[in-house]
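Student: give me the fold of what follows.
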Amino acid sequence: MSPAVPPDPRPRSEPGRPLHIAHGVLTLDVGGLERIVLDLVRVGRRQGHRVSVICLERPGTLAPTAEAEGATVVSLGKPPGRRPELVPRAAEVLRALGPDVIHTHAVGALWYLGRAARTTGRVPTVHTEHIDNVGKAVGRFAKLKTRLLWNRAGRFASAFCGVSEDVSRSVGRWGTVPRAKVHTVLNGIDLDRYDRHGERAGVRAGLGIPPDARVIGTVGRLNEVKRQDHLIRALGTLGARAADVRLLLVGDGPERGALERLVEGLGLSARVHFAGYQSAPERFLPAMDVFALSSRLEGLPLALLEAWAAGLPVVSSAVGGVPKVVRHGETGLLFPNGDEPALARALLELLDDPAKAARLAAAGRAVVRRDFSLERMASEYEGLYRAAIAAGRGGG
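Tutor: Sure thing, here's the model as predicted:
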């Protein structure tokens, strides 16, 4: 842990006074949520704040990066299952760190750290839901269990944020958190990291993709929620007129083996490229011609914003907060969730019409630069931090 820092004599809620912000996550493994936390670490340090990250389970792949950015990373080593004995341990860590505010990013983190904060005094907690977890749960019992956890954990947060209006509405719709606590803070990205000037030819050569191929690409965990199998099957239906089209999957995850078997079974091994886990996935965006998302559930997908920032046209399933951001036919193309023929048609429409693809890409890039900067997101969260501190309570 970092050495103790002399306390600032100014009131904690005073604008401009540096804060000590402790982010709470399950782990800093690779994912959209974790990358948002890492960006909040970066911008927080640039603005002079102290930043800590408390990992309930294990540090994860991105922990060294967070530490290199100036954050203190602490792991509580939580084993699987309910662990009430973790609350005193978390309270001990909070007393040692001495944060002004806690910002949790998973309902499990809120459950443990929010309760721990209550035992340490009046350190407020701000919580962000990055996806509709009740909607994500499969089966009636799982939905009821998730809803109950939200209801119990929600009382520990001074503010309960959704990354899209859809996620925020779901919190209210399930009746789990008082509406007065619910806010929407749209995701933001570091725009300077995404452009179309990357080494397109070099990335393609490294992956064995011909320089003149038309490439559909996506970035994300290879898991059941992201449904990359829809993309693979859609590629298989494009026919002879798309024989030069390749699919690039950037990311890794539990479904990789099943996806590789699907590719082999469809005879697409020469046309589908698995890039695996990449610490800098933005480096692969210039190798793509069209960016596609086929998820069955999303909040506000970071990958979509990054594709726009890189100047790519986007095709996405119309799920979660996506339709509120992507205007069909203006800033991208949408298709009904799970409709593989519609996905294939949308992909072919942009691949066969470069002028339309360029027009949609330019419109999307303008939207992300106007509405989705990292600085805007961080500023909105800081406003909630200071309001919670000024209220002098940790939820309730």
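Student: and the residue lying closest to residue 203 once chain neighbours are set aside, how far from residue 62?
Tutor: Nearest non-adjacent residue to residue 203, counting by CB to CB, 6 or more residues apart in numbering: residue 287, 4.1 Å away. (Each C-beta comes from the backbone N, C-alpha and C, glycine too.) The gap separating residue 287 from residue 62 is 23 Å, by CB to CB, to the nearest Å.
Student: which pLDDT value belongs to the residue nearest to residue 203?
Tutor: Per-residue pLDDT puts residue 287 at 96.
Student: counting neighbours, what do you get for it?
Tutor: Neighbour count of residue 287, defined by other CB atoms under 10 Å: 25.
Student: these two touch, right, it and residue 217?
Tutor: Yes - contact criterion CB atoms under 8 Å: residue 287 and residue 217 qualify, at 6.9 Å.
Student: which secondary structure element contains residue 233?
Tutor: helix 228-236 (DSSP states H and E).
Student: try residue 217
Tutor: For residue 217, the element it lies in under DSSP H and E is strand 214-219.
Student: tilt between that strand and helix 228-236?
Tutor: 180 degrees (axes from the mean of the first three to the mean of the last three CA atoms, to 10 degrees).
Student: what are the C-alpha coordinates of strand 214-219, in PDB please?
Tutor: Taking Å, rounded to 0.1, in the frame of the first residue of the first chain, the C-alpha atoms of strand 214-219 are listed here in PDB:
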ATOM      1  CA  ARG A 214     -12.400  -7.300 -46.800                       C
ATOM      2  CA  VAL A 215     -12.300  -7.800 -43.000                       C
ATOM      3  CA  ILE A 216     -15.200  -7.900 -40.500                       C
ATOM      4  CA  GLY A 217     -13.900  -7.600 -37.000                       C
ATOM      5  CA  THR A 218     -15.000  -7.600 -33.400                       C
ATOM      6  CA  VAL A 219     -13.300  -7.100 -30.000                       C
END
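Student: burial count for the residue lying closest to residue 218 once chain neighbours are set aside?
Tutor: Nearest residue to residue 218 in three dimensions, chain neighbours excluded: residue 292, at 5.3 Å (CB to CB, 6+ apart). Residues lying near residue 292 (other CB under 10 Å) number 29.
Student: any idea what residue 292 is bridged to?
Tutor: With DSSP bridges as the criterion, residue 292 is bridged to residue 315.
Student: the helix holding residue 233: what's the following helix or strand?
Tutor: Note on helix 228-236: by DSSP H and E, the next helix or strand toward the C-terminus is strand 245-250.
Student: and that next one, which strands flank it?
Tutor: Counting by DSSP bridges, the strands paired with strand 245-250 are strand 214-219 (parallel), strand 272-276 (parallel).
Student: re the thing from before, mind listing what the residue nearest to residue 218 touches?
Tutor: Residue 292 is in contact with 216, 217, 218, 231, 314, 315, 316, 343, 347, counting by CB atoms under 8 Å, 6 or more residues apart in numbering.
Student: now the two most distant members of those residues.
Tutor: By the measure CB to CB, 217 and 343 form the most distant pair in those, at 14.2 Å.
Student: pLDDT weak spots in the stretch 51-200 of the chain?
Tutor: When residues are selected by pLDDT under 70, those of the stretch 51-200 of the chain lie in 132-147, 149-150, 172-176, 195-198.
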